[in-house]
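Novice: the following comprises the amino acid sequence and a computationally predicted model.
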Amino acid sequence: MSVGMTDREADLAQVKGLIRDIPDFPKPGILFKDITPLLGDATGFRTAIELMASAVDGPTPEYIVGTESRGFIFGAALAYELGAGFIPVRKPGKLPADVHSAEYELEYGTDALEVHRDALHQGARTLIVDDLLATGGTARATADLLRRLGAEMLGYCFVLELTFLNARQQMTDAPVTALIQY
Ligand SMILES: O=P(O)(O)OC[C@H]1O[C@H](OP(=O)(O)OP(=O)(O)O)[C@H](O)[C@@H]1O
Ligand SMILES: Nc1ncnc2[nH]cnc12
């Protein structure tokens with residue numbers, strides 16, 4: 001640990017050090033934040049989940065809601081850590097029972113996300129989890145689905161946030177937490 005660093009700062013530095021930049025992926029001009037080194041590091045991955053768990057204050061979520069596919073990885077581990085259930089929000093055509101769908105903006109055109117209509121009970125306490133907050137389109141579509149299910153939204157929790165895209169300004173419905181900001 002560097003001199004003067006708290007345990008929490010050292011943990012955050014460890015997680016940050018396991019996220020690598022891949023320039024021009026998936027297309028020119030995008031700096032891709034690759035979390036696979038973090039996932040592959042047993043200590044680093046555990047640290048990331050513990051940091052996310054310690055960022056959850058107030059009422060305990062009954063459900064963690066994770067978006068396909070990287071949101072499944074962090075969301076399911078956090079649900080296990082917190083003793084919560086896990087609800088998958090999936091790309092179209094993947095969920096077998098009746099669904100609600102929400103469209104969201106991509107850089108070119110639109111995509112959609114789906115959740116089972118019977119995924120939770122009215123007023124269930126939910127926390128949306130994903131690896132990364134970029135434009136916020138994915139998170140806003142997920143929140144839209146939760147509203148249609150009648151869930152209570154406790155907040156959003158991300159490993160990292162690309163602050164220059166200003167997604168937070170459009171996410172005023174619940175608190176936004178990100179471990180690391182770029
Ligand atoms: O804030 P946004 O601009 O919506 O971007 C963030 C989303 O983009 C990535 O998922 P992606 O759609 O690439 O799918 P993947 O998890 O399957 O790689 C990431 O895991 C978030 O879900
Ligand atoms: N720059 C980026 N790196 C990794 N995942 C992303 N999803 C959206 N933008 C991303």
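Specialist: Arrived safely, thanks for sending. Ligands and ions are numbered 1, 2, ... in the order given.
Novice: OK, contacts around D130?
Specialist: Counting by C-beta atoms under 8 Å, 6 or more residues apart in numbering, D130 touches 66-67, 70-71, 74-75, 138-139, 156, 158. In short, each C-beta sits where N, CA and C put it, glycine included.
Novice: how about the nearest residue to the residue positioned nearest the centre of the chain, chain neighbours excluded?
Specialist: Residue closest to the average C-alpha location in the chain (C-alpha atoms, centre = their mean): D130, at 1.4 Å. Counting by C-beta to C-beta, 6 or more residues apart in numbering, D130 lies nearest to G71, which is 4.0 Å off, once chain neighbours are set aside.
Novice: which pLDDT value goes with the residue lying farthest from the centre of the chain?
Specialist: The outermost residue of the chain relative to its centre, with distances by C-alpha atoms, centre = their mean, is V3 at 31.6 Å. On pLDDT, V3 comes in at 70.
Novice: in three-state terms, label it for me.
Specialist: Recorded secondary structure, V3: coil (DSSP: H, G, I helix; E, B strand; the rest coil).
Novice: that one and T43, how far apart?
Specialist: Plainly put, V3 is 21 Å away from T43 if you go by C-beta to C-beta, to the nearest Å.
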